[in-house]
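1. requesting a structural model of the entry that follows:
(one chain, ligands or ions: 1)
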Amino acid sequence: MDKAKLRITEMQVKKTIENLKKNNIQAYFVHSRSEVAGKVAELINEGDTVAVGGSVTLFETGVIDLLRSGKYNFIDRYAQGVDTRQIFLDSFSADVYFASSNAVTMKGELYNVDGNSNRVAAILYGPESVILVVGCNKIVPDLKSAVRYVKQISAPANAVRLDSKTYCASAGVCQGIDDDNMTSGCGGNSRICCNYVVCARQRVPGRIKVILVGEPCGY
Ligand code: SF4
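-> Here you go, the predicted structure:
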């Protein structure tokens, strides 16, 4: 990364980590994707029951490979022939649940938008511990910016990835991009933005942990 870009990224990460910690969300920083799996291995125990929400970041950073290493009891949603609904229900009792976050604000909030919503449900309640791996491309100043980031980048890219028949999958941007209202968007049953979740100060200190990565990951 360019030195100036690295410097401002580090400043933004520092502020974000400070404010996440004020919200009882534990936070860590690693410089590169290649360091993520090692950090994850430090935070969990061999034999833990682990589950994941849908996330490109977890593949890009080697977390899925780590969870498949045989050291953990992985409730693998990607395994062939699994009953997906049962997997999602079983995930609520995992020791550790992994996902990314659609955005993280420098004020210390997590912002997630979900369609099926098994991911946001498990982030909020169930697993003893939640570890979110988040690339520096998802750090935004505040919730207003988070809403726009999801409408401009996260949701359209996910709609393309999932081959969803939505406005954004063909237009490249949310139908509600110019509307300040958080939930403005397309109609139709293919919509992937159904539930909008903000995590602020947590009651259980450290249940949610965020690993910020000094490289872009996912979207
Ligand atoms: S509301 Fe619809 S158009 Fe907007 S990002 Fe979500 S799926 Fe795409």
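2. so the closest residue to Gly135 other than its chain neighbours: helix, strand or coil?
-> Spatially, and ignoring its direct neighbours in sequence, Gly135 is nearest to Cys217 (3.0 Å; CB to CB, 6 or more residues apart in numbering). Quick note: C-beta positions are derived from backbone N, CA and C, even for glycine. When classified by DSSP: H, G, I helix; E, B strand; the rest coil, Cys217 comes out as coil.
3. can you tell me how far Cys217 is from the ligand?
-> Going from Cys217 to the ligand by CB to the nearest ligand atom, to the nearest Å gives 20 Å.
4. spatially nearest residue to Pro156 (excluding sequence neighbours)?
-> Per CB to CB, 6+ apart, closest to Pro156 is Cys168, 3.8 Å.
5. near the ligand, which residues of this structure?
-> 151, 155-156, 159, 166-168, 174-176, 185-186, 191-193 (CB under 6 Å from any ligand atom).
6. mind redoing it with 5 Å?
-> Ala155, Thr166, Tyr167, Cys168, Cys174, Gln175, Gly185, Cys186, Arg191, Ile192, Cys193 (CB under 5 Å from any ligand atom).
7. and the furthest pair within those residues?
-> Gln175 and Ile192 (12.3 Å; CB to CB).
8. can you pull out the helices in the protein?
-> Ranges of helices within the chain are 3-22, 36-43, 56-60, 63-67, 84-91, 118-124, 143-149, 155-161, 167-171, based on DSSP state H.
9. the fourth one: which residues count as buried?
-> Buried positions in helix 63-67, judged by neighbour count with 16 or more other CB atoms under 10 Å: Val63, Ile64, Leu66, Leu67.
10. measure the second one to the ligand for me?
-> Meaning Ile64. 25 Å.
11. before we move on, what about the last one?
-> Distance of Leu67 to the ligand, computed by CB to the nearest ligand atom: 29 Å.
12. show the contacting residues for that residue.
-> Shown in contact with Leu67 (CB atoms under 8 Å, 6 or more residues apart in numbering): Val50, Val52, Phe74, Asp76, Phe98.
13. got a winner among those residues for most neighbours?
-> Counting neighbours by other CB atoms under 10 Å, the top entry in those is Phe98, with 28 neighbours.
14. that one bridge partners, please.
-> Val52, Ile131 (DSSP bridges).
15. I figured it hits Ser129, correct?
-> No - contact criterion CB atoms under 8 Å: Phe98 and Ser129 do not qualify, at 9.6 Å.
16. and for Ser145, the neighbour number?
-> 15.
17. for the ligand, what's its nearest residue on the protein.
-> Nearest to the ligand in the chain, going by CB to the nearest ligand atom, is Gly185, at a distance of 2.1 Å.
18. before we move on, the earlier item: quick one, which of Gln175 and Ile192 is more surrounded?
-> With neighbours defined as other CB under 10 Å, Gln175 and Ile192 compare such that Ile192 has more, 21 against 16.
19. is that one in contact with Val160, as I believe?
-> No - taking contacts as CB under 8 Å, Ile192 lies outside contact range of Val160: 10.5 Å.
20. what residues are shared contacts of those two?
-> With CB under 8 Å, 6+ apart, Ile192 and Val160 have no common neighbours.
21. where in the protein is pLDDT low?
-> Within the chain, no range satisfies pLDDT under 70.
22. now with 90?
-> Residue ranges of the chain with pLDDT under 90: 1-3, 5-6, 179-180.
23. separation between Lys21 and Lys209?
-> Lys21 is 11 Å from Lys209, where distance means CB to CB, to the nearest Å.
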